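K.L.:
Task: produce atomic coordinates for the following.
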Amino acid sequence: MVDSKADPLDAVFLALADKTRRSLVHTLVQGEVTMSDLALPYNMSLAAISKHVKILEKAKLIRRRIIGRTHYISLVPEQLNGALDWISIYRYFWKDRFET
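P.N.:
Prediction:
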């Protein structure tokens, strides 16, 4: 589970380390969806998808709003900025290495 006291970048990378969670993030790029619609393409229970969603929430990569019994899930894209910055440093490093 993601430690709330850990470095936010650690939480993001931990959340994105799982293929299913990366797929959920990819789906949410299209916009807000209900939890039921988010779970539809996966061959797993709603409870299993909910566990993945909770990890993404703890990393602050997604937000949930609840209206009645319906949970709406949306991406918080700005939470990816730290990870993108970190990856960019190494992308340029390796690009320079291969070009020389």
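
K.L.:
Return the set of buried residues in the helix-or-strand element of the chain with minimal mean pLDDT.
P.N.:
Across the helices and strands of the chain, mean confidence by mean pLDDT, DSSP states H and E is lowest for helix 81-99: a mean of 80. Within helix 81-99, the residues that qualify as buried are A83, counting by 16 or more other CB atoms under 10 Å. Just so you know, the C-beta spots here come from the backbone N, C-alpha and C atoms, and that holds for glycine as well.

K.L.:
And it, what does it pack against?
P.N.:
Helices and strands touching helix 81-99, as assessed by 3 or more CB pairs under 8 Å, 6 or more residues apart in numbering; DSSP states H and E, comprise helix 8-16.

K.L.:
Downstream of the helix it packs on, the next helix or strand is which one?
P.N.:
helix 19-28 (DSSP states H and E).

K.L.:
any residues touching that following helix, and which ones?
P.N.:
If you take CB atoms under 8 Å, 6 or more residues apart in numbering as the criterion, helix 19-28 is touched by 15-16, 33, 38, 41-42, 44, 49, 52-53, 55-56, 61-62, 73-75.

K.L.:
Then stretch 51-68?
P.N.:
By CB under 8 Å, 6+ apart, the list of residues contacting stretch 51-68 from outside reads 1-2, 4, 8, 11-12, 14-16, 18, 20-21, 24-25, 28, 35, 38, 71-76, 79-80.

K.L.:
For L9, which non-adjacent residue is spatially closest?
P.N.:
Nearest residue to L9, sequence neighbours excluded (CB to CB, 6 or more residues apart in numbering): G82, at 4.9 Å.

K.L.:
Can you pull out the low-pLDDT segments for the chain?
P.N.:
For the chain, residues meeting the criterion pLDDT under 70 lie at 1-6, 96, 99-100.

K.L.:
again, only this time at 50
P.N.:
Applying pLDDT under 50 to the chain picks out residues 2, 4.

K.L.:
what separates S74 from I62, distance-wise?
P.N.:
Per CB to CB, to the nearest Å, S74 is found 6 Å from I62.
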